[in-house]
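Engineer: Starting from these lines, generate the structure:
(chains A and B)
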Protein chains: 2
Amino acid sequence: MKILISNAHVLHPDGSVREGNIAIEGNKIAAVGEIPASWQPERTIDAKDRLAVPGFVNAHTHASMTLLRSYADDMKLMDWLQQKIWPIEAKMRNEDIYWGAMLAAVEMIQGGTTTFADMYGPDMEKVAEVVAESGLRAILSRGLIGVVPDADEKIAENVALFKNWHQKAEGRITVMFGPHALYTCPPDYLHKVAEAAKSLGAEIHIHMSETRGEVEECLKQYGKRPFAHVAATGLFDNGTLAAHCVHLDDEDISIIKKYGIRVAHNPGSNMKLASGIAPVPRLLAEGVCVALGTDGASSNNNLDMLEEVNLAAMLHKVASYDPEAVPAGEALRMGTAYGAKAVGLSDVGLLKEGYKADIVLFDMTSPAWMPRHDPVSLLVYSANASSVDTVIVDGRILMEKRELLTLDEERILFETKRRVEHLLAH
Amino acid sequence: MKILISNAHVLHPDGSVREGNIAIEGNKIAAVGEIPASWQPERTIDAKDRLAVPGFVNAHTHASMTLLRSYADDMKLMDWLQQKIWPIEAKMRNEDIYWGAMLAAVEMIQGGTTTFADMYGPDMEKVAEVVAESGLRAILSRGLIGVVPDADEKIAENVALFKNWHQKAEGRITVMFGPHALYTCPPDYLHKVAEAAKSLGAEIHIHMSETRGEVEECLKQYGKRPFAHVAATGLFDNGTLAAHCVHLDDEDISIIKKYGIRVAHNPGSNMKLASGIAPVPRLLAEGVCVALGTDGASSNNNLDMLEEVNLAAMLHKVASYDPEAVPAGEALRMGTAYGAKAVGLSDVGLLKEGYKADIVLFDMTSPAWMPRHDPVSLLVYSANASSVDTVIVDGRILMEKRELLTLDEERILFETKRRVEHLLAH
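Structural biologist: The predicted structure is shown next:
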């Protein structure tokens, strides 16, 4: 379909905001700015008082965990995992995975997220179905754990996920391999995952150096820091999206640069779980691609990417005593253009001719947007996700004036409630 | 008026949430929980799927600065003040003060704030008018600066503000004295302010130890740290609300405890301006009353108290590597009950018989509130201010189902836009 977004305040790739139009043809942006009068749209969206930005890319999440939101908080990490999260996760089956991801999809669309990178299981194909139905764009990986009896079966599931869903749903799905972390995947298992991914030309999504304890344990057990240890297994040869990367030294950063590893920074999760503060200003200064993720809703506790953009801009200022660290525009790029690059999408994340039409319109008529000295500052520091008005992914309108067009919110809320009651009762 | 809030999920003073009713008579809460059938309300608010919490107390802000939201960001503090903020502030007159505070009032009510502690000028009486008209509760102080020619005149204005407005607007206004900070108020001026406040029985609202530079400068100039220096002027003898308190040592904390100084912690502002991280877990452990404030909208950049509650719960976890630091319930108390105590209101901040009816109802029907394992966790970690549904202050409904009942939002947005155009043009 040919859609014209008219009279928007458009965030251009150079960071400036200027009034103009956006022409969409099929799943791509055909033009930005002045549109020739000869170009005739089938649909026009009046975007007066709307700020048009690229859709957010949530570069690290566990969508189905949204079912566990507010189930357990404010606990020591290992108590939280062992006493609360792991026991209930062990009971989750395909219906839970499906409805948990559906709840996540509603929240993501309403919050302006157009792409998400997910790692979870079992039954990741259920998440692929949610992507197909919702119209979102996604990078899916089966969470792989090597210290369990069915470790090899999990790899086979990731292979099947790749064969069944990679580049499917009108090309909106990318499948990666999801080795969980080095402390749940012994080196020979990481090597096996590396080989499986390599044979398919798939990339890797992994948690790296999230906590101090993880780095210390790796040093003790393997005599190497995490990045050197994992590099030796061959895993990074495939192309890697590494979540967290909180505790890094010079050697770690040189390995990140050597392998072109893209970092998914999760400020909200790192704050809530008290994991630490990632050296984001340094990574950015050294040219590393740093994206943003929400992590799962049980450690955040939402999938609100605008909050992560805000936290990325705020946390590193205070951590470095530098009010110029991670300015608003840079934080917004982390949540959009850098996110797309991090998940391997070269034509997503900018409002630019030829790019995929993944676009969010923010309603600037509420007091949080007044006065309107600087729209990017208002978006990053003042507004919240309730200003998201219209969401377009791959040229298709998923939400218009806050009405969801692909998903039945009422039914999803009803079914998730039922699934949770079932999980808690059994 | 007698108002019944029926079937709410009520946050009780002990931190538990239970379904029940709230009866309001006049400006007070008459009963919480079971209401005798004989009690006949004039109005009933159906609060099904609503979480009832005490209204937020914004313990430190500069309401009229909302006019400067997004005017200047991501700059070094002194560049930001000297090149941008101070020059435009110097041009602000009574109309700007009035409409800036009106814009702030709209935002505060929509965000569930029922009380705010303001320090600004000139023409603080205009802010008092906004309080009277809006129905909000407020603690007002004239910002006092001792290093200017009209320093004494400013004290006279604070005295006049007290005489004209203290305990006015149905008792919703408290007037304090507002010496800006020790670096803008020489010791003899602080002493003069202390005497003026003492003669009226007024308390003090002051910025303390916000930046490292301020502490170092005080040591260099006076040979004492800020708290010892200000204590020697007699200022703290009046009862004190001290904003920021970021850089504290043992001696500072012992002085805070000795004088019963209440702290207004501003996590958002401290992060954005890169001021530092206040030792909040320690202050709380030592029994200091720690409230929350947004600071002005030019350093935050909004007046959203739920964001501050969230940041208070998140920032101190990561700063202390302790996921149990400042749990959700404690952060919420900082934004409500501790806030009321901090600003000197003994019957505000709890949903309890005999307390002032300052109540906010949050709509829990959106995905951010699903599943509903723990409403306090959902409020603090997942929801945003767009869930604020109904706001009651002093027994009067200021917003019902997101409709403002005391203020004309459209006109306020129009007038603030005009004021800003005028400020920038002259």
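
Engineer: Settle this for me: A:K168 is touching A:A128, isn't it.
Structural biologist: Yes: contact between A:K168 and A:A128 holds when scored by C-beta atoms under 8 Å: they sit 7.3 Å apart. For glycine as for every other residue, the C-beta is placed from the backbone atoms N, C-alpha and C.

Engineer: With neighbour numbers in mind, choose between those two.
Structural biologist: A:A128 (23 against 15; other C-beta atoms under 10 Å in any protein chain shown).

Engineer: So is whatever helix or strand that one lives in next to chain B?
Structural biologist: Counting by DSSP states H and E, the element that carries A:A128 is helix A:124-134. No: using C-beta under 8 Å from any C-beta of the partner chain, helix A:124-134 never reaches chain B; the gap is at least 13.1 Å.

Engineer: From the contact counts, what lies against that helix?
Structural biologist: Here helix A:124-134 touches helix A:94-110, strand A:113-120, strand A:137-144, helix A:151-165, strand A:173-179, going by 3 or more C-beta pairs under 8 Å, 6 or more residues apart in numbering or on different chains; DSSP states H and E.

Engineer: Chain B: which of those is closest?
Structural biologist: helix A:94-110 (4.5 Å; C-beta to the nearest C-beta).

Engineer: Name the residues of that closest one that are buried.
Structural biologist: A:96-110 (16 or more other C-beta atoms under 10 Å in any protein chain shown).

Engineer: Rounded mean pLDDT for that helix, please.
Structural biologist: For helix A:94-110, mean pLDDT rounds to 97.

Engineer: Using CSV, write out the CA atom coordinates for that helix.
Structural biologist: Taking Å, rounded to 0.1, in the frame of the first residue of the first chain, the C-alpha atoms of helix A:94-110 are listed here in CSV:
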residue,chain,number,x,y,z
ASN,A,94,3.6,-23.7,24.6
GLU,A,95,0.4,-21.9,25.6
ASP,A,96,2.3,-19.9,28.2
ILE,A,97,5.0,-19.0,25.7
TYR,A,98,2.4,-17.9,23.2
TRP,A,99,0.3,-15.8,25.4
GLY,A,100,3.2,-14.3,27.3
ALA,A,101,4.7,-13.2,23.9
MET,A,102,1.3,-11.9,22.8
LEU,A,103,1.1,-9.8,26.0
ALA,A,104,4.6,-8.6,25.2
ALA,A,105,3.6,-7.8,21.6
VAL,A,106,0.7,-5.6,22.8
GLU,A,107,3.0,-3.7,25.2
MET,A,108,5.7,-3.3,22.6
ILE,A,109,3.5,-2.0,19.9
GLN,A,110,1.8,0.4,22.3
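
Engineer: touching chain B at all, it?
Structural biologist: Yes: applying C-beta under 8 Å from any C-beta, one finds helix A:94-110 in contact with chain B at A:103, A:106-107, A:110.

Engineer: that older thread, looking at the helices and strands packed on helix A:124-134, which is closest to B:L283?
Structural biologist: helix A:94-110 (34.9 Å; C-beta to C-beta).

Engineer: For that closest one, enumerate the helices and strands it packs against.
Structural biologist: Going by 3+ C-beta pairs under 8 Å, 6+ apart, helix A:94-110 lies up against strand A:113-120, helix A:124-134, strand A:396-400, strand A:403-404, helix A:409-425.

Engineer: Can you lay out these as JSON lines showing distance to A:K48?
Structural biologist: JSON lines is the format used below for the helices and strands packed on helix A:94-110 (distance: least, C-beta to C-beta, whole Å):
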{"stretch": "strand A:113-120", "distance to A:K48": "22"}
{"stretch": "helix A:124-134", "distance to A:K48": "28"}
{"stretch": "strand A:396-400", "distance to A:K48": "15"}
{"stretch": "strand A:403-404", "distance to A:K48": "18"}
{"stretch": "helix A:409-425", "distance to A:K48": "26"}
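
Engineer: Just say which of the ones you listed is most tucked in.
Structural biologist: The highest average neighbour count among the helices and strands packed on helix A:94-110, using mean count of other C-beta atoms under 10 Å in any protein chain shown, belongs to strand A:113-120 at a mean of 29.

Engineer: hmm, back to that, relative to A:G15, which of the helices and strands packed on helix A:94-110 is closest?
Structural biologist: So among these, strand A:113-120 is nearest, using C-beta to C-beta, at 19.5 Å.

Engineer: relative orientation of that closest one and helix A:124-134 in degrees?
Structural biologist: Angle of strand A:113-120 versus helix A:124-134, following axes from the mean of the first three to the mean of the last three C-alpha atoms, to 10 degrees, is 170 degrees.

Engineer: Given strand A:113-120, what are its sheet partners and their directions?
Structural biologist: With DSSP bridges as the test, strand A:113-120 is paired with strand A:56-61 (parallel), strand A:137-144 (parallel).

Engineer: Just name the most buried of those strands.
Structural biologist: Mean neighbour counts for the strands paired with strand A:113-120 (mean count of other C-beta under 10 Å) peak at strand A:56-61, with a mean of 31.
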